[in-house]
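A.B. asks: The sequence and its predicted three-dimensional model are supplied below.
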Amino acid sequence: KMNVSRQAVSKWESAQSIPDLEKILQLGALFGVTTDYLLKDDIEDEEFTNDSSDTTVKKISIEEANAYIEQRKKASWRIALATFLCILSPITLIVLSILSAQPNAIVTKTTSAAVGLTVLFAFLLCAVPIFIYCGFKNQPYEFLDKNIPFELEYGVKGLVNEKKNAFRPTYIAYNIIATCLCIFSVIPLILLSFTGNDVLIAVALAFLMVIAGIGAGIFIVVGTQNASMQKLLKEGEFTEKEKKRTRVKEVVGSCYWGILTAIFLTVSFLTKCWHLSWIVFAIGGILF
């Protein structure tokens, strides 16, 4: 019932080892006694709990593990696409704002702002439903991200380990490619900034965002797939200890980006320099 070996039970009975807390809770539920009774050295009368609640740890079968890994593989490409669209969304606004500021510009500031914002929200309109869809598809597996105990059935750990080891070379190679793309994306902007030509700088900035967006997409694709296997194996940042730290990071991150957005909007509305104020997010991202 507890999915442990006879050797493990033998060691518990002979006091060679002690069950972990999760197993002790299961034992209490199976025998209908308190954990106090199980842990005390002195033999006492049983303290029956009359607890009929089902505390059975969730078991993950090979079929469920395969389904989850496949689902996250498909989701990784969708999330990468949605993220790429979000990164591209302000390009039109930035480029048109720079062009409208040129002498004898054929585009007025009002037109550039209207067109730029329209394109920005159009891209977001395409990206947000993808994020929501992926969130709904992942709902049956949300327990993997929370402190809900689960165990892998016989053979699942070996299967997932095999998949993870086979994916490892791809994971490393694509992380290197994505990192190189992100570094390379800045080079044209640095070189063209010395020309003083705002049009060329605008083109270089657009190039930066496209290449950096591709790099971010690659990070997401391989990162999401690798994380799905680590979650099942409770490795890396998905150990119980790291999960607690991650929740703290999420809270801090939410507050941080909320404040940063407020700073961006305040600076932008006060200075009216929307074509420059985006640098707040660039600096904020590096600091984060």
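C.D. replies: Okay, I see it.
A.B. asks: mind showing which ranges of the stretch 1-150 of the chain have poor pLDDT?
C.D. replies: 15, 41-56 (pLDDT under 70).
A.B. asks: Quick one: the helices in it, in order.
C.D. replies: For the stretch 1-150 of the chain, helices defined by DSSP state H, counting those that start in this stretch occupy the ranges 6-13, 21-31, 35-39, 62-88, 91-100, 109-137.
A.B. asks: Looking at these, which one is packed in the most?
C.D. replies: helix 91-100 (a mean of 20; mean count of other Cβ atoms under 10 Å). The way it works is simple: take the backbone N, C-alpha and C, and place the C-beta from them, glycine included.
A.B. asks: Could you tell me which other helices and strands that helix packs against?
C.D. replies: helix 109-137, helix 198-233, helix 274-277 (3 or more Cβ pairs under 8 Å, 6 or more residues apart in numbering; DSSP states H and E).
A.B. asks: if we can go back for a sec, go through the helices of the stretch 1-150 of the chain and name the closest to Gln230.
C.D. replies: helix 62-88 (10.9 Å; Cβ to Cβ).
A.B. asks: any idea of the angle that closest one forms with helix 109-137?
C.D. replies: Helix 62-88 and helix 109-137 are oriented at 170 degrees to each other (axes from the mean of the first three to the mean of the last three Cα atoms, to 10 degrees).
A.B. asks: okay if I get the helices and strands packed on helix 91-100 as TSV plus distance to Gly258?
C.D. replies: Converted to TSV, the helices and strands packed on helix 91-100 look like this (distance: least, Cβ to Cβ, whole Å):
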stretch	distance to Gly258
helix 109-137	18
helix 198-233	21
helix 274-277	17
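A.B. asks: and the helix or strand where Phe167 lies, what does it pack onto?
C.D. replies: Per DSSP states H and E: Phe167 is located in helix 156-184. Packing partners of helix 156-184 (3+ Cβ pairs under 8 Å, 6+ apart): helix 62-88, helix 198-233.
A.B. asks: measure Ser112 to Met209 for me?
C.D. replies: 17 Å (Cβ to Cβ, to the nearest Å).
A.B. asks: Contact partners for the residue nearest to Leu189 when sequence neighbours are not counted?
C.D. replies: Setting aside the residues directly before and after it, Leu189 is nearest to Ala204 in space (Cβ to Cβ, 6 or more residues apart in numbering), at 4.1 Å. By Cβ atoms under 8 Å, 6 or more residues apart in numbering, Ala204 lies in contact with 188-189, 191-193.
A.B. asks: got the contact list for Ile211?
C.D. replies: Contacts of Ile211 by Cβ under 8 Å, 6+ apart are 181-182, 184-185.
A.B. asks: Please check those and keep the buried ones.
C.D. replies: 181-182, 185 (16 or more other Cβ atoms under 10 Å).
A.B. asks: Can you lay out those residues as TSV showing distance to Lys23 and pLDDT?
C.D. replies: Shown next, in TSV, are the buried ones among the contacts of Ile211 (distance: Cβ to Cβ, whole Å; pLDDT from 0 to 100):
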residue	distance to Lys23	pLDDT
Leu181	47	94
Cys182	45	91
Ser185	51	91
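A.B. asks: now those in TSV, with distance to Ile60?
C.D. replies: Listed next are the buried ones among the contacts of Ile211 as TSV, based on distance: Cβ to Cβ, whole Å:
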residue	distance to Ile60
Leu181	36
Cys182	35
Ser185	40
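A.B. asks: Show the contacting residues for the residue positioned nearest the centre of the chain.
C.D. replies: The centre of the chain sits closest to Thr224, judged by Cα atoms, centre = their mean, with a distance of 7.1 Å. Counting by Cβ under 8 Å, 6+ apart, Thr224 touches 72-73, 75-76, 79.
A.B. asks: Redo the residues you listed as a markdown table? Include distance to Gln7.
C.D. replies: Output for the contacts of Thr224, formatted as a markdown table (distance: Cβ to Cβ, whole Å):
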| residue | distance to Gln7 |
| --- | --- |
| Arg72 | 34 |
| Lys73 | 36 |
| Ala75 | 39 |
| Ser76 | 39 |
| Ile79 | 43 |
